[in-house]
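> Need coordinates for the following:
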Amino acid sequence: MSDTRTSQTPRTVSPSAAPARAPQRPTVRPAPTPAVQPVITAPDWPSRWHLLIPTSLRNTAANLGLWQNPAPLKPSDHLTQTLAVLERYGWCRSLDFSPTGRMCIRGAQTLLERTGHVTPQSRQRAVDYMQHTLNKVTDLPFYAWNDLPDRTFPQVKHLITTSATHARTHGE
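Below you'll find the model as predicted:
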């Protein structure tokens, strides 16, 4: 009988044809990017026809596809756009609209509401934020505070910027 046992010599294994794996590096995840704020600009001065057409008629025309209303903004963006309007067209006191085209805070808000850039509800929320910011200093309404003889544009800019920041922290 023959011995069917195998020899006790160690077997050598031929190297694999597959490449060796490189050591894995820890995955680097990019840092989350902060939410990009849209650039809010002042709209162009509306045409005379735009100002003469009642809002209800413009909304009806928009529903029929004959008119394109701008997208209404939330209160914080409305305040930012109000500031952009004042910087573009000029700021004044005592008049909503001056003969030279300058505006006070209320005049800029009225322009934005009449042209469809803000709803009356969002405008009122923006006014509430401005009034809340202003109540830390005085009890005057914002439009009366705007008309004081010693008021300056940097003070108005600070009020609007602070109010917009406050509204943004509240998600509006």
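> Can you give me every residue that contacts residue 75?
Contact partners of residue 75, counting by C-beta atoms under 8 Å, 6 or more residues apart in numbering, are 122, 123, 125, 126, 129, 167, 172. All C-beta spots, glycine's among them, are computed from the backbone N, C-alpha and C.
> Tally up the residues packed near the second one, please.
In other words, residue 123. 22 (other C-beta atoms under 10 Å).
> quick check, it in a helix?
Yes. Counting by DSSP: H, G, I helix; E, B strand; the rest coil, residue 123 is located in a helix.
> Just confirm it contacts residue 79, I think it does.
No. In this structure, residue 123 is not within contact of residue 79 by C-beta atoms under 8 Å, at 9.8 Å.
> hmm, who's touching the helix ranked longest in the chain?
When the chain is parsed with DSSP state H, its longest helix is helix 153-169. For helix 153-169, the external contacting residues (C-beta under 8 Å, 6+ apart) are 74-77, 79-80, 82-83, 86, 91, 105, 125-126, 129-130, 132-134, 142, 145-146.
> if you go through the chain in chain order, where are the helices?
48-52, 55-63, 75-89, 105-114, 120-134, 142-146, 153-169.
> if you compare the ones you listed, which one is most tucked away?
Across the helices of the chain, the average number of neighbours (mean count of other C-beta atoms under 10 Å) peaks for helix 75-89, which reaches a mean of 23.
> show me where pLDDT drops low in the chain?
The model of the chain has pLDDT under 70 over residues 1-39, 41-51, 67, 69.
> again, 80 this time
Flagging of the chain using pLDDT under 80 yields the residue ranges 1-59, 61-72, 116.
> ok, now which ones touch the closest residue to residue 97 other than its chain neighbours?
Leaving aside its chain neighbours, residue 97 sits nearest to residue 107 (5.0 Å; criterion: C-beta to C-beta, 6 or more residues apart in numbering). Contacts here follow C-beta under 8 Å, 6+ apart; on that basis residue 107 touches 95, 96, 97.
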